[in-house]
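[1] build me a model:
(4 chains)
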Protein chains: 2
Amino acid sequence: MRSDTERTVRTILEAAERVLSRNPAASMEQVAEAAGVARTTVHRRFASREALVDAMTAWATRRFAEAVESAYTTTAPPLVTLHQVTANVLRVKIDWGYAMSRTASATPEVARVHAEVRDRCDEMFRRARDAGLLRADADLGWARRVYYALIHEAATEQDGEQDADILATRLVDTLLHGFGKR
Amino acid sequence: MRSDTERTVRTILEAAERVLSRNPAASMEQVAEAAGVARTTVHRRFASREALVDAMTAWATRRFAEAVESAYTTTAPPLVTLHQVTANVLRVKIDWGYAMSRTASATPEVARVHAEVRDRCDEMFRRARDAGLLRADADLGWARRVYYALIHEAATEQDGEQDADILATRLVDTLLHGFGKR
DNA sequence: ATAAGTTGCAACACTCATGTTGCAAGTCCT
DNA sequence: AGGACTTGCAACATGAGTGTTGCAACTTAT
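    Predicted coordinates for the structure are as follows:
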């Protein structure tokens, strides 16, 4: 049945994310075991290991783009947009951290989407700076790298799966003001 | 000759860092080629791939600990100490980024040193907070994670190998004040 | 009930990285 | 020149992961 095979595909993708995020060198056998299926079944759905990883990456990248686009706006105050985008991205990144980190070695399609998101991010920061939220002399290239790194850290928080909005609040505060006395 | 073999070992370790930092799954063949020696020579110096990686990790960890200990002081103002430690660590991290990132899956000896450095870092932040450099309500656990992440980002800056002191200045400024208008 | 489709299992071929060994050639020290 | 040592090279053994196939058992729709 068609819905069954789709469910199987999803199960495998999620298992692969779980396994590969812990150990990127894990075997197809381990992925299959985590998905609760036989290794041959994985190979029937995905022609090769590369195809599986590409599918994970494509899936996560779509969610990533949706997370950004659904929260990005030029009408709301930059601080609000920044918070919403951050929270949305964190929700995806928590579940698809491994797949999302594969920006370079991927399909041109995936690379294009990541580049688009990157541009969106730069635009958001430019607006934030023009609106006086960021310092006028802020290095926006460095800011983006720090922002990405903070998202990575927040998403890999080990203690008990915090709420994305709380994580985003702390993250944005750190990005804007750091830890120093004001 | 003894000094020759030591030089060979160093050459291999440095080549391994170069190759594995770009591609952690690279083969011993690639490492050997990068070092300008035959694969058998690598195996004569390091019994196994694991032994090679462990040796890299041990070497980098020693440099790491030295970098921290030689700069850490309880007499200078916390801001000065923070800057000096950061610059010193960056110098090591730029050259040994891969080896230094292997904290968990390593020798107990290495894990111990990393834990000690971590404690030093926590102590440094506590002092900085007590001295009024950091906010009184700063989450020091989160601060350390952000600090480590910033060091990683600064060390992997692609454009032309900036000076460690300049990188440290920008890093510490970001850590303390972020990118927001003050 | 039957036909279509999916799965697990066992078996297989293949590739590639790892690790080992013997030997000839080279270097360095005395 | 002779002895100790290191290296490159070629060859080999081994193991693990990958990808494929045939078949019996099972599920589901018609």
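[2] mind listing what's buried in the helix or strand containing A:Arg118?
    If you go by DSSP states H and E, A:Arg118 is part of helix A:108-130. Neighbour-count burial for helix A:108-130 flags A:Val110, A:Val113, A:His114, A:Val117, A:Cys121, A:Met124, A:Phe125, A:Arg127, A:Ala128, A:Arg129 (criterion: 16 or more other Cβ atoms under 10 Å in any protein chain shown). From N, CA and C alone the C-beta is placed, and that goes for glycine too.
[3] ditto for stretch A:169-181
    A:Arg170, A:Leu171, A:Val172, A:Thr174, A:Leu175, A:Leu176, A:His177, A:Gly178, A:Phe179, A:Gly180.
[4] now, these that are in helices?
    Here DSSP state H is the test, and these give A:Arg170, A:Leu171, A:Val172, A:Thr174, A:Leu175, A:Leu176, A:His177 as lying in helices.
[5] now the residue nearest the centre of chain A. Nearest residue, chain neighbours left out?
    Against the mean C-alpha coordinate of chain A, by Cα atoms, centre = their mean, the closest residue is A:Lys93 at 3.6 Å. Using Cβ to Cβ, 6 or more residues apart in numbering or on different chains and skipping the chain neighbours, the partner closest in space to A:Lys93 is A:Ala155 (4.0 Å).
[6] count of neighbours near the one you found?
    20 (other Cβ atoms under 10 Å in any protein chain shown).
[7] ok, the ones in helices among the buried residues of stretch A:169-181 vs DNA strand D, which is closest?
    Closest approach to DNA strand D among these (Cβ to the nearest atom of the strand): A:Leu171, at 34.7 Å.
[8] in this structure the closest one contacts A:Ala154, no?
    Yes: the criterion here is Cβ atoms under 8 Å, and A:Leu171 meets it with A:Ala154 at 5.0 Å.
[9] any common contacting residues for these two?
    Both A:Leu171 and A:Ala154 are in contact with A:Leu90, where contact means Cβ atoms under 8 Å, 6 or more residues apart in numbering or on different chains.
[10] shaky segments in chain A?
    Counting by pLDDT under 70, the ranges of chain A that qualify are A:1-4.
[11] tell me where chain A has helices.
    A:2-22, A:28-35, A:39-45, A:49-71, A:78-95, A:97-101, A:108-130, A:140-155, A:164-177.
[12] B:Ala55 is nearest to which of those helices?
    Nearest to B:Ala55 among the helices of chain A is helix A:2-22; the distance by Cβ to Cβ comes to 25.1 Å.
[13] now for the closest one, which elements pack on it?
    Helix A:2-22 is packed against helix A:28-35, helix A:39-45, helix A:49-71, helix A:97-101, with contacts defined by 3 or more Cβ pairs under 8 Å, 6 or more residues apart in numbering or on different chains; DSSP states H and E.
[14] mind exporting the C-alpha coordinates of the third one to CSV?
    It refers to helix A:49-71. Provided in CSV are the C-alpha atoms of helix A:49-71 (Å, rounded to 0.1, in the frame of the first residue of the first chain):
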residue,chain,number,x,y,z
ARG,A,49,24.0,5.0,1.3
GLU,A,50,24.6,8.3,-0.5
ALA,A,51,21.0,8.3,-1.8
LEU,A,52,19.7,7.9,1.8
VAL,A,53,21.8,10.7,3.1
ASP,A,54,20.8,12.9,0.2
ALA,A,55,17.1,12.2,0.9
MET,A,56,17.6,13.1,4.6
THR,A,57,19.3,16.3,3.6
ALA,A,58,16.6,17.2,1.0
TRP,A,59,13.9,16.5,3.5
ALA,A,60,15.5,18.5,6.3
THR,A,61,16.4,21.3,3.9
ARG,A,62,12.8,21.7,2.9
ARG,A,63,11.7,21.9,6.5
PHE,A,64,14.5,24.4,7.1
ALA,A,65,13.4,26.7,4.3
GLU,A,66,9.8,26.5,5.4
ALA,A,67,10.8,27.3,9.0
VAL,A,68,12.6,30.5,7.8
GLU,A,69,10.1,31.6,5.2
SER,A,70,7.0,31.2,7.4
ALA,A,71,8.6,33.4,10.1
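[15] surely A:Leu140 meets A:Arg126?
    Yes: shown here, A:Leu140 and A:Arg126 form a contact pair, counting by Cβ under 8 Å, at 6.6 Å.
[16] quick one on the thing from earlier: make CSV out of the buried residues of helix A:108-130 and add distance to A:Gln84.
    Shown next, in CSV, are the buried residues of helix A:108-130 (distance: Cβ to Cβ, whole Å):
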residue, distance to A:Gln84
A:Val110, 24
A:Val113, 19
A:His114, 20
A:Val117, 15
A:Cys121, 13
A:Met124, 11
A:Phe125, 15
A:Arg127, 14
A:Ala128, 13
A:Arg129, 18
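[17] next one: the closest residue to DNA strand D within chain A from A:Asp54, what distance?
    At 2.9 Å from DNA strand D, A:Ser48 is the closest residue in chain A, using Cβ to the nearest atom of the strand. Going from A:Ser48 to A:Asp54 by Cβ to Cβ, to the nearest Å gives 9 Å.
[18] the more surrounded of those two?
    For A:Ser48 against A:Asp54, the residue with the higher neighbour count under other Cβ under 10 Å is A:Asp54, and the figures read 19 against 10.
[19] enumerate every residue touching A:Ala149.
    Taking Cβ under 8 Å, 6+ apart as the test, what A:Ala149 contacts is B:Ala149, B:Leu150, B:His152, B:Glu153.
[20] make it 6 Å
    B:Ala149, B:Glu153 (Cβ atoms under 6 Å, 6 or more residues apart in numbering or on different chains).
[21] quick revisit: right, and out of the buried residues of stretch A:169-181, which lies closest to A:Ala99?
    Using Cβ to Cβ, the buried residues of stretch A:169-181 come closest to A:Ala99 at A:Leu171, 20.8 Å.
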